[in-house]
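> sequence first, predicted coordinates after that:
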Amino acid sequence: MSKAQYITGLRSVEQMVATDPSGIRRIFAEYQTANPRVEAIIKAAQKAGIELQPANRARLMQMSGEARHQGIIAEVQRSTILDEAGLRTLVEQRLQSGEGAPLLILVLDGVQDPHNLGACMRTADAAGVHALVVPRHGAAGLSPTVSKVAAGAAEQLPFATVGNLNRVLGWLSDYGVRIIGTSDKADSSLFEADLAGSVALVMGREHTGLGAAIAKRCDLLVSLPMQGVVSSLNVSVATGVCLYEIARQRALRLP
């Protein structure tokens, strides 16, 4: 039997109940809650036929692994988790369909803080990313904390964990996807780069940035102009800036 997967946080559970109730196995809610949002979720879950189980705060904390669970947890069956083969299928289908915006993949090269991963997922979903890719080892994976910070995006955005990130970037390039990496040592500014077409945006690890092998795999490295005294941005903030520059350029090309 697969290990149970949980999402925590009012917004994440609300979003899941509203958009994908069939993906919820059951909901655990605090006894006699005084929170009207929890009560509203319970009523919506009952209407959708989702199993409900009362639980005290200690039990909720044990399941979620955090004290700030906001009184409600959903046990879910995630349909958005992909392996490398699933990611390849998604990419092929998207490229072959020829419909909608060009392919946009977000690749995180070893982001370790689950709060950063959750924030990146939330922004990626908002900016129209088609899938988020992380290495299987040495990086944060999906967790209750990630789901809570992602505020519903973790249950909607395809999430691929892969054994060899370099290999994945290689076959993405073979499909005609441009690999755009970020580095504070890059000569090109993000705002000078042409980000049209299908793109895989690669963001580096906290503090150390892109690994050398991944940087060599990129077709273009770009930097974010820094005008103040700080030398870099938090990875989730930098991801948001880059994704919305891609979105801005794409919007300018709409007929």
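In hand now; what should we look at?
> residues contacting L90?
When contacts are counted by Cβ atoms under 8 Å, 6 or more residues apart in numbering, L90 touches 82, 130-131, 158. Where you see a C-beta, it was placed from the backbone N, CA and C, and this is true even at glycine.
> tell me how far the closest residue to E155 other than its chain neighbours lies from Y6.
Spatially, and ignoring its direct neighbours in sequence, E155 is nearest to M16 (5.0 Å; Cβ to Cβ, 6 or more residues apart in numbering). Distance of M16 to Y6, given as Cβ to Cβ, to the nearest Å: 11 Å.
> and the two? which has more neighbours close in?
M16 (24 against 21; other Cβ atoms under 10 Å).
> helix or strand right after the one helix or strand that one maps to?
Element membership for M16 (DSSP states H and E) is helix 10-19. Using DSSP H and E, the helix or strand that follows helix 10-19 towards the C-terminus is strand 24-30.
> tell me the one among the contacts of L90 nearest to A34.
Nearest to A34, judged by Cβ to Cβ, of those is P158 at 37.0 Å.
> next one: phi and psi at D187?
When read as degrees, to the nearest 10, the backbone of D187 gives phi -80, psi -30.
> can you give me the domain boundaries for this structure?
Domain ranges of the chain: 5-76, 81-252, per automatic domain parsing.
> pick out the shakiest of those, pLDDT-wise.
Among the domains of the chain, domain 5-76 carries the lowest mean pLDDT, at a mean of 86.
> which residues in the stretch 151-255 of the chain form strands?
Ranges of strands in the stretch 151-255 of the chain, per DSSP state E, counting those that start in this stretch, are 159-162, 178-182, 188-189, 199-203, 220-223.
> centre of the chain versus the third one, how much separation?
On the basis of Cα atoms, centre = their mean, to the nearest Å, the separation between the geometric centre of strand 188-189 and that of its chain is 25 Å.
> tell me which element the nearest residue to G138 once chain neighbours are set aside is part of?
Of all residues not flanking G138 in the chain, G110 sits nearest, at 5.3 Å (Cβ to Cβ, 6+ apart). Using DSSP H and E, G110 is not contained in any helix or strand.
> got a list of contacts for the helix holding M16?
With Cβ under 8 Å, 6+ apart, helix 10-19 has contacts from 7, 23-24, 27, 35, 37-38, 40-41, 44-45, 48, 50, 70-74, 76, 147-148, 150-152, 154-156.
> in strands, which of those appear?
7, 24, 27, 72-74, 76 (DSSP state E).
> now do the shared contacts for M16 and Y6.
74, 76.
> spatially nearest residue to G170, not counting backbone neighbours?
R217 (6.8 Å).
> got the contact list for that neighbour?
With contacts defined as Cβ under 8 Å, 6+ apart, R217 is in contact with 166, 169-170, 173, 179, 181.
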